[in-house]
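Peer 1: from the sequence below, what's the structure:
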Amino acid sequence: MFEAIARIPEEELKRRRDSVRHHLQDLAPEAGGILVFSRLNIYYLTGTFGQGVLWLPLSGESVLLIRKGVNRARLEAGVKHILPYKSYSELPGLCADAGSPFTPTLAAVMSGLTWQLGIMLADKLKDYAIVPGDHAVTLARMVKSEFELDILRRCGEKHHRCLYDILPTVIRPGMTEREIAHKAWEAFFSEGHMGILRMQAHGEEAFLGHVSAGDSGNYPSGFNGPLGLRGEHPASALMGNENKVWELGEPLMLDIGFQLEGYHTDKTQAYFAGPQEAMPDDIRRAHDFCIELQDWMCAHAKPGVTPEELYRHCLDEAGTRGYAEGFMGLDENQVPFVGHGIGLTVDEFPPIARGFSLPLEQGMVIALEPKQGIRGKAMVGVENTFEITADGCRCISGDRYDMIPVE
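Peer 2: Numbering: from 1, shown residues only. A predicted model of the protein is given here:
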């Protein structure tokens, strides 16, 4: 009776599974396959957001085992064997019956399980050795295919249109952060945002993103990013606060993501409450400094360059130019990175940070976000999403980075 709303092409799914297999052989050569538990990674490898586990052997057919939603999985998933199960103890027998038996050593994406479920899995599969396999999937997801890049480019175009073209026409000084957040949602939904942002880091959450007027940009934050915010409530320190008004003379920072067909772009747009000529020099200079750093990173983020090289340059420039205090956050808000990979989650591999020496590759997509805190006033800066191409780097979330005056 029903048809799938959309399906990932078979050749695309094969490419992804082969990439995971390739990385698994390097990272865990003793393992004969990998168990994938997180629903997002199951989607990446099968095309359905399945609740269960995928067995991906190094050779042979993969087997998707589903606790709930078998019929939906059969509509969407590009997998031959899709079977129901109730207990981890059933997995070896079901996979063997499907012609893809477990091997003596299994890799597992351990971040896809709670500690409680991990202990249960180990107990149910005590006849098998289980080794970590998370990084094999991380590295596969790091480099995007043309199929994925097409989605990300369209996502970035919509993202820029919302923040640069639409939103300045519907917000004004005197609005609260919360009112601005709602206007942002209206704009985003009008352009096809799917209403969710996914985070990879355990326990991290995002909903729309940060709306920070004036000194909210330096308000203490537990979110792993440089921009502070008051947020809705201590129970949901996201979006904007109903009691903080965007006053004349204040910058406004919107650090919010767009999601299209499962993929994200990240972008921060700065606005100023008042005419361009009223913008204070310290705010203008700090924002221009961040644009310079973003432009430099874009010019140098080529295949073969490491994330660490980009980070060290920015840190050195901040020190040389007098911006060490407040660069990438003030005080406890300061973070040790200037960007991150992005894709099916906002925070993908690699961080643009010290110690990350795996060279950039064509097909990677990264968000670059140099920001500067100005004590007692605000945070300013930029963030955009960039595609690493064969001969360089190009922005896919717009080509205008100025602070937009709104009167």
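Peer 1: drop to CA atoms for contacts and neighbour counts, all remaining ones
Peer 2: Noted.
Peer 1: what pLDDT does the model give the residue nearest the centre of the chain?
Peer 2: Residue closest to the mean C-alpha point of the chain, counted by Cα atoms, centre = their mean, is Val346 at 1.2 Å. For Val346, the model assigns a pLDDT of 97.
Peer 1: and the one 4 residues further on, by the same measure?
Peer 2: What the model reports as pLDDT for Pro350 is 96.
Peer 1: state the distance from the residue nearest to the centre of the chain to Glu90.
Peer 2: Here Val346 is placed at a distance of 34 Å from Glu90 (Cα to Cα, to the nearest Å).
Peer 1: how about stretch 46-59: buried residues?
Peer 2: By 16 or more other Cα atoms under 10 Å, the buried positions in stretch 46-59 come out as 46-58.
Peer 1: just the element for Val131, please.
Peer 2: Per DSSP states H and E: Val131 is located in strand 129-132.
Peer 1: show me what that strand pairs with in its sheet, parallel or antiparallel.
Peer 2: Partner strands for strand 129-132, per DSSP bridges, with pairing direction: strand 105-108 (parallel).
Peer 1: give the contact list for the nearest residue to His193 once chain neighbours are set aside.
Peer 2: Spatial nearest neighbour of His193, chain neighbours left out: Gln259 (5.3 Å); criterion: Cα to Cα, 6 or more residues apart in numbering. Contact partners of Gln259, counting by Cα atoms under 8 Å, 6 or more residues apart in numbering, are 155, 193-197, 265.
Peer 1: same question, Gly225
Peer 2: By Cα under 8 Å, 6+ apart, the neighbours of Gly225 are 333-335.
Peer 1: coming back round to it: the residue nearest to His193 belongs to a strand?
Peer 2: Yes: Gln259: assigned to a strand according to DSSP: H, G, I helix; E, B strand; the rest coil.
Peer 1: check the gap between it and Val137 for me.
Peer 2: Gln259 is 21 Å from Val137, by Cα to Cα.
Peer 1: Gly329 touches Asn218, doesn't it?
Peer 2: Yes: between Gly329 and Asn218 there is a contact at 7.3 Å, judged by Cα atoms under 8 Å.
Peer 1: tell me, what's touching these two both at once?
Peer 2: 227-228, 373, 379.
Peer 1: can you redo these as JSON lines with secondary structure?
Peer 2: Below are the shared contacts of Gly329 and Asn218 laid out as JSON lines (three-state DSSP):
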{"residue": "Leu227", "secondary structure": "coil"}
{"residue": "Gly228", "secondary structure": "coil"}
{"residue": "Gly373", "secondary structure": "strand"}
{"residue": "Met379", "secondary structure": "strand"}
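Peer 1: max pairwise distance over these: which two?
Peer 2: For the shared contacts of Gly329 and Asn218, the farthest-apart pair by Cα to Cα is Gly228 and Gly373; their separation is 9.3 Å.
Peer 1: which residues do these two both contact?
Peer 2: Counting by Cα under 8 Å, 6+ apart, the common neighbours of Gly228 and Gly373 are 217-218, 329.
Peer 1: if I look at the nearest residue to Met120 once chain neighbours are set aside, how far off is Leu45?
Peer 2: Spatial nearest neighbour of Met120, excluding adjacent residues (Cα to Cα, 6+ apart): Tyr88 at 8.0 Å. According to Cα to Cα, Tyr88 and Leu45 sit 20 Å apart.
Peer 1: now Asp165
Peer 2: Separation of Asp165 from Leu45 (Cα to Cα) stands at 36 Å.
Peer 1: same drill for those two, tell me which one is more crowded.
Peer 2: A count of neighbours by other Cα atoms under 10 Å puts Leu45 above the other of Asp165 and Leu45, at 28 against 12.
Peer 1: and Tyr311, what does it touch?
Peer 2: Contacts of Tyr311 (Cα under 8 Å, 6+ apart): 337-338, 352-354.
Peer 1: so which of these comes closest to His81?
Peer 2: The closest of the contacts of Tyr311 to His81 turns out to be Ile352 (Cα to Cα; 39.1 Å).
Peer 1: right, and that closest one touches Leu358 too?
Peer 2: No: taking contacts as Cα under 8 Å, Ile352 lies outside contact range of Leu358: 10.6 Å.
Peer 1: what sits in contact with each of the two?
Peer 2: With Cα under 8 Å, 6+ apart as the test, Ile352 and Leu358 both reach Pro307.
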